[in-house]
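**Q** Structure for this input, please:
(4 chains)
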Number of protein chains: 2
Amino acid sequence: MMHKTLKHEIKADYLLERGMELLWSKGYNATSVNDIVVAANVPKGSFYFYFDSKEDFAIKAIDKYFQAQFAPAQEILLDKTVSPKERLLNFHEFRCNVLKNEMECKMGCLACNLGNEMAEHNENIRKAILQRETLVQAQITAVVKEAQELGEIDSTLNAADIVAFFEDAGKGAMTTMKEMKSAYPIDNFMNMVRAILLK
Amino acid sequence: MMHKTLKHEIKADYLLERGMELLWSKGYNATSVNDIVVAANVPKGSFYFYFDSKEDFAIKAIDKYFQAQFAPAQEILLDKTVSPKERLLNFHEFRCNVLKNEMECKMGCLACNLGNEMAEHNENIRKAILQRETLVQAQITAVVKEAQELGEIDSTLNAADIVAFFEDAGKGAMTTMKEMKSAYPIDNFMNMVRAILLK
DNA sequence: AGATACTAGATGACCGGTCAATTATAAAAT
DNA sequence: ATTTTATAATTGACCGGTCATCTAGTATCT
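**A** This is a model prediction of the structure:
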C-alpha cells in the first residue's frame, strides 16, 4: 500500500466524491459502506483497500468537502481588489446562494450535519471538523477586523466573537432550513448579516 | 391496545423518559430499540406493546421533551410580574444555564439533534419538531413585541425575524458547543442576546 | 372460561469488516 | 522476444453480530 497508482487515486477520489454526497444527505449512521460502493459502482471488497475504515472514509470526505466547498468562497473573501466590508457581503451572499440554489434547501452543510450527529461519540470526526472550521473562522475574522479598523463596520464588538456568533447563526439557520424545507432561515440570516454584522 | 391502564401509562412513560435521554445523546440511528428497553429495564418484547414503532416512540419522546424542557422556561417567559425585557433576559439565561450546567456541554437539544439528523428523510419526525418549535417561537415573539412596544428594546427589526434569527443562533451555538466541547459558544450567544436583541 | 395484558424468543435483513482467491503488472530468466 | 516467476492490486463471498419488528405464547385479570 506504500506507493499508490494513479488509478488508485482516481478510484479512491471517486468513492469519496459519491460517498460525500451520501454522508451529507443521510448522515453517518444512515449511510452504509455498501451504499457508498454501490453509488460509486465499485466492488464491496475494494472499499477497505482504499480506506482503513468507515470512519477514515468520513474524515477524508470531510477534508474533501472543505476543499471543494470553501475554496470558491475563500477566493471572494480574500479578493484584495474589493473593500473588506463588500467582501464580507459577497462572501455571505455566495454561501447563502449555494445553500438555496444548489442544495434546494435540503442538505445543509456536511460538517454541521456530521458534527451534530457524531461529535459527542467520535473524537476523530469531531476534531477533523473542529480543526477545519477554526481555520475558516480565522480567515473571516481577519477580514472583519480589517473592516473594523477601516471604520467600515461597527467595532464595539470583538471581531472573533461576532464572527463566531454569526457562523453559529448560519449553522442554526441551516438546521431550521432543513426542518422547514424553506429558504426563509437563510434569507433571514442574510438580512441580519446586513443589518447587524455589516452595520 | 384500546384502553390503557394506569400501569400501562406509567411504564410507557418510563420507557419514554429513559429512551429520550438516549435519543438526545446518541441520536436516532445510533439508538437501538434494545438500548431503550435495557435502559428502562423493560422486557424486550414489550416495546411494541407500548409503541407502534421506533418512529412513533421518537415522536412521543420529542413531545415529552418539549413538555419537560420548555415548561419551566415558559414560566419565566410569561411571568407577568416582570417587565418583558427582563423576562427575555431571564428566559435566555435560564436556557443557557441548563445547557451549561445540567448537560455539561455535551448533548445540546434533542429537537435540534434529531431535526438535523432526520428532517430530510423522515417527514413525521420533521413535522413533529417543526410544529413544536413554531409554538415556542410564537411565544417568544409575543414578548419581544411587547418589549418593543414599551420601548424597552430596539424596534427597527421585525420581532418574528429577530426571534427566528436568535433561535437559529442558539441552535448553531449548541452544535458548536458539542464540536468544541466548550461553553464558549453559549456564553458568546448570551452576550449577543444582551448586546443585540436586548439593546 | 374467556378476554385482556404482557413478553420471550425468533426472524430475515442488513451492518462493518475480513479473507482466500483471482487478476494484472512487473521483474527475471531464457 | 518470449516465457517464467514474483509481487501488487483487486474482488465476491462471507463472517459474527445487531437491527427493527413480529409471532406465538404465557400470565393475569374478570
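
**Q** where does chain A have low pLDDT?
**A** Scanning chain A for pLDDT under 70 picks out A:1-7, A:102-103, A:105.

**Q** Please tell me how far whatever residue of chain A ends up closest to DNA strand D sits from A:Leu23.
**A** DNA strand D sits closest to A:Gly45 of chain A, with a gap of 1.8 Å, by C-beta to the nearest atom of the strand. For the C-beta atoms, the positions are set from N, CA and C on the backbone; glycine is no exception. With the distance defined as C-beta to C-beta, to the nearest Å, A:Gly45 ends up 21 Å from A:Leu23.

**Q** who has more neighbours, those two?
**A** Taking neighbours as other C-beta atoms under 10 Å in any protein chain shown, A:Gly45 and A:Leu23 compare with A:Leu23 leading, 24 against 8.

**Q** Next, the contact list for the more buried one, please.
**A** A:Thr31, A:Ala58, A:Ala61, A:Leu110, A:Asn113, A:Leu114 (C-beta atoms under 8 Å, 6 or more residues apart in numbering or on different chains).

**Q** Same question for A:Glu21.
**A** A:Ala39 are the contacts of A:Glu21 under C-beta under 8 Å, 6+ apart.

**Q** repeat that for 10 Å
**A** A:Thr31, A:Ile36, A:Ala39, A:Ala61, A:Tyr65, A:Met107, A:Leu110 (C-beta atoms under 10 Å, 6 or more residues apart in numbering or on different chains).

**Q** ok, back up a step: please tell me how far the residue of chain A closest to DNA strand D sits from A:Val33.
**A** 11 Å.

**Q** Next: A:Trp24.
**A** Counting by C-beta to C-beta, the separation of A:Trp24 from A:Val33 is 16 Å.

**Q** was I right about A:Glu146 contacting A:Pro84?
**A** Yes - A:Glu146 lies in contact with A:Pro84 (C-beta atoms under 10 Å); the separation is 4.2 Å.

**Q** of these two, who's got more company?
**A** A:Pro84 (20 against 17).

**Q** quick one: the more buried one and A:Leu197 touch, right?
**A** No - judged on C-beta under 10 Å, A:Pro84 makes no contact with A:Leu197 at a distance of 11.9 Å.

**Q** joint contacts of these two?
**A** A:Val144, A:Ala147, A:Ile153.

**Q** want to throw these into CSV with distance to B:Gln69, secondary structure and neighbour count?
**A** Formatted as CSV, the shared contacts of A:Pro84 and A:Leu197 follow (distance: C-beta to C-beta, whole Å; DSSP: H, G, I helix; E, B strand; the rest coil; neighbours: other C-beta atoms under 10 Å in any protein chain shown):
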residue, distance to B:Gln69, secondary structure, neighbour count
A:Val144, 34, helix, 25
A:Ala147, 39, helix, 22
A:Ile153, 36, coil, 20
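
**Q** Could you single out the nearest of these to B:Glu93?
**A** If you rank the shared contacts of A:Pro84 and A:Leu197 by distance to B:Glu93 using C-beta to C-beta, A:Val144 comes first, at 26.9 Å.

**Q** thought the closest one was touching A:Phe166?
**A** Yes - because the distance of 9.1 Å satisfies C-beta under 10 Å, A:Val144 is recorded as touching A:Phe166.

**Q** Flag every residue of chain A that's near DNA strand C.
**A** Residues of chain A found near DNA strand C (C-beta under 7 Å from any atom of the strand) are A:Thr31, A:Ser32, A:Val33, A:Asn34, A:Asp35, A:Lys44, A:Gly45, A:Phe47, A:Tyr48, A:Ser53, A:Lys54, A:Glu55.

**Q** near chain B too, which of those residues?
**A** By C-beta under 10 Å from any C-beta of the partner chain, the members of the residues of chain A next to DNA strand C lying near chain B are A:Thr31.

**Q** hang on, the earlier thing: between A:Trp24 and A:Val33, tell me which one has more neighbours.
**A** A count of neighbours by other C-beta under 10 Å puts A:Trp24 above the other of A:Trp24 and A:Val33, at 22 against 15.

**Q** ok, for that one, nearest residue in space, not its chain neighbours?
**A** A:Leu110 (4.3 Å; C-beta to C-beta, 6 or more residues apart in numbering or on different chains).

**Q** What is the burial count for that neighbour?
**A** 23.

**Q** can you pull the contacts of it?
**A** A:Leu110 neighbours (C-beta under 10 Å, 6+ apart): A:20-21, A:23-25, A:27, A:58, A:61-62, A:64-66, A:68-69, A:129.

**Q** one more time with 8 Å, if that's ok
**A** Residues near A:Leu110 by C-beta under 8 Å, 6+ apart: A:Met20, A:Leu23, A:Trp24, A:Ala61, A:Ile62, A:Tyr65, A:Gln69.
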